[in-house]
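>>> missing the sequence, but the structure's below:
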Ligand code: ATP
């Protein structure tokens, strides 16, 4: 398809049985953006992300990543994205070293750069000393760190993040915010779904707001702040939600 946008949603609609979870979503995300995807509980954020990562098919409409229709070319899309889910499903009986090696092999990474990358990211997330322990004994936050590493190992062009800071400590959150900024500054793209308004306000270039499966607004952080006279992103969002009621 002809567009410079890295992520394109066209009339994206998803039903669960008779319930419509996503209703005709249209949006585009450009290269180098950190795009915030916001909405109340049950608004449809995870459903969108599951479609973007090829885990779910749309009922109608299309989702494109790097010009490729995810429903038609899932493997090409999966090679380009790194996905950090809300709560990490990891193979608990394995150690990080075992698990991350398998992930790297799935992406066909040669052994030597794979080992270096695993070591680098284990150090970045300060979990090197846990590298050979079974993950079943890990805390929620430590599991989430391993999910981050699994998403970054193949150096994806796009990061798709669903509440990726869940359970992380303050120091790690600060490091991840910097990581997100440098990832985007290098021309790569982030689709970031979260309830953490203060983090969204600090890192995102643009946001979209979802309510009951529909997009109700969006724009740059400053544009949404201005809805409430420039006070804060939170005030702007609250005003937008109230006006929809
Ligand atoms: P939250 O912020 O609470 O995580 P969300 O914005 O991610 O919410 P979704 O998980 O996408 O919202 O859910 C959107 C709607 O679809 C909700 O009404 C939810 O109950 C419904 N839904 C989600 N998954 C299913 C499913 N597997 N079967 C039936 N309904 C579902």
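Looks like it arrived, so ask away. Since the model is a prediction, treat every value here as computed from it, not as a measurement.
>>> and the lengthiest helix in the chain, average pLDDT?
When the chain is parsed with DSSP state H, its longest helix is helix 170-185. Across helix 170-185, pLDDT averages out at 96.
>>> all strands of this protein, in order?
For the chain, the strands defined by DSSP state E cover 7-16, 19-29, 34-39, 60-65, 68-69, 81-84, 158-162, 189-193, 206-211, 214-220.
>>> Would you mind giving those as JSON lines with mean neighbour count, mean pLDDT and distance to the ligand added?
All C-beta atoms are positioned from the backbone trio N, CA, C, and that covers glycine. Formatted as JSON lines, those follow (neighbours: other Cβ atoms under 10 Å; pLDDT from 0 to 100; distance: least, Cβ to the nearest ligand atom, whole Å):
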{"stretch": "strand 7-16", "mean neighbour count": "18", "mean pLDDT": "97", "distance to the ligand": "3"}
{"stretch": "strand 19-29", "mean neighbour count": "18", "mean pLDDT": "96", "distance to the ligand": "3"}
{"stretch": "strand 34-39", "mean neighbour count": "25", "mean pLDDT": "95", "distance to the ligand": "5"}
{"stretch": "strand 60-65", "mean neighbour count": "20", "mean pLDDT": "96", "distance to the ligand": "14"}
{"stretch": "strand 68-69", "mean neighbour count": "16", "mean pLDDT": "94", "distance to the ligand": "21"}
{"stretch": "strand 81-84", "mean neighbour count": "23", "mean pLDDT": "95", "distance to the ligand": "14"}
{"stretch": "strand 158-162", "mean neighbour count": "23", "mean pLDDT": "96", "distance to the ligand": "7"}
{"stretch": "strand 189-193", "mean neighbour count": "25", "mean pLDDT": "97", "distance to the ligand": "7"}
{"stretch": "strand 206-211", "mean neighbour count": "22", "mean pLDDT": "94", "distance to the ligand": "7"}
{"stretch": "strand 214-220", "mean neighbour count": "17", "mean pLDDT": "92", "distance to the ligand": "12"}
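>>> Save these as TSV, and put in distance to residue 93 too.
Formatted as TSV, those follow (distance: least, Cβ to Cβ, whole Å):
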stretch	distance to residue 93
strand 7-16	32
strand 19-29	33
strand 34-39	33
strand 60-65	32
strand 68-69	34
strand 81-84	22
strand 158-162	24
strand 189-193	29
strand 206-211	37
strand 214-220	41
